[in-house]
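Student: got a sequence here, can you model it:
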Amino acid sequence: MSAETNKQIVRDYFQAIGAGDLAKALGLTSDDFTFILEGTTTYSGTYSGHAEVQGFFATIAGAIDFENGVEVEIQEMIAEDDKVVVRTAGKMTSTSGKPYNNRYCHVFTVRDGKIAQDIEYLDTALVTQALG
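Tutor: This is a model prediction of the structure:
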C-alpha cells in the first residue's frame with residue numbers, strides 16, 4: 001500500500017473513533033491488532049486482539065461523557081512505507097465533569113490495508129487527573 005493510502009486508513013480510523021463507532025474503527029484493524037497505551041496510568045498497557053481492544057475502549061467509554069461530544073483533530077500526519085505518525089488533539093469531558101483535552105502522538109503500522117498496531121503517547125498526568 002502507498003503512504004497516502006495508509007494515511008487515509010488512519011484518517012478513517014480517527015473519524016470512526018470520534019463518531020463513537022467502535023465497530024467501524026475495529027473493522028479498519030487487522031485480526032491481530034495491538035494497541036499500546038504508553039505510560040503508567042490505570043489504562044496504560046498492551047491490548048492484543050479485538051476482544052482486548054474492545055475491553056479497553058469499553059473501560060475508557062465509561063470514563064468519558066460521549067453525550068457532551070468527543071472531538072479528535074488531526075494536527076499533523078507523516079507517513080513512510082508501513083508507518084503513519086499522527087499528532088492529534090482531543091477535546092472531551094470526563095463522566096465526572098472534568099475537562100479532558102489531551103494531545104497525542106500515535107505511531108501506526110499499517111499492513112495489507114489494515115491497521116496492525118497503534119502505539120499512543122499522551123500526557124499521562126492529565127489522564128490520571130481527569131479520568132482517574
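Student: switch to C-alpha atoms for all contacts and neighbour counts from now on
Tutor: OK.
Student: could you say what helices and strands the longest helix seen in the chain packs with?
Tutor: Longest helix of the chain, by residue count under DSSP state H: helix 3-18. Helix 3-18 sits against helix 22-27, strand 71-80, strand 83-93, strand 114-122, with contacts defined as 3 or more CA pairs under 8 Å, 6 or more residues apart in numbering; DSSP states H and E.
Student: which residues are contacting the next helix or strand after the longest one?
Tutor: Proceeding C-terminally, strand 83-93 gives way to strand 99-100 as the next helix or strand, assigned by DSSP states H and E. The contact list for strand 99-100 (CA atoms under 8 Å, 6 or more residues apart in numbering) reads 90-94, 126-127, 130-131.
Student: direction included, what does strand 99-100 pair against?
Tutor: If you go by DSSP bridges, strand 99-100 pairs up with strand 83-93 (antiparallel).
Student: since that was my last question, I'll sign off now.
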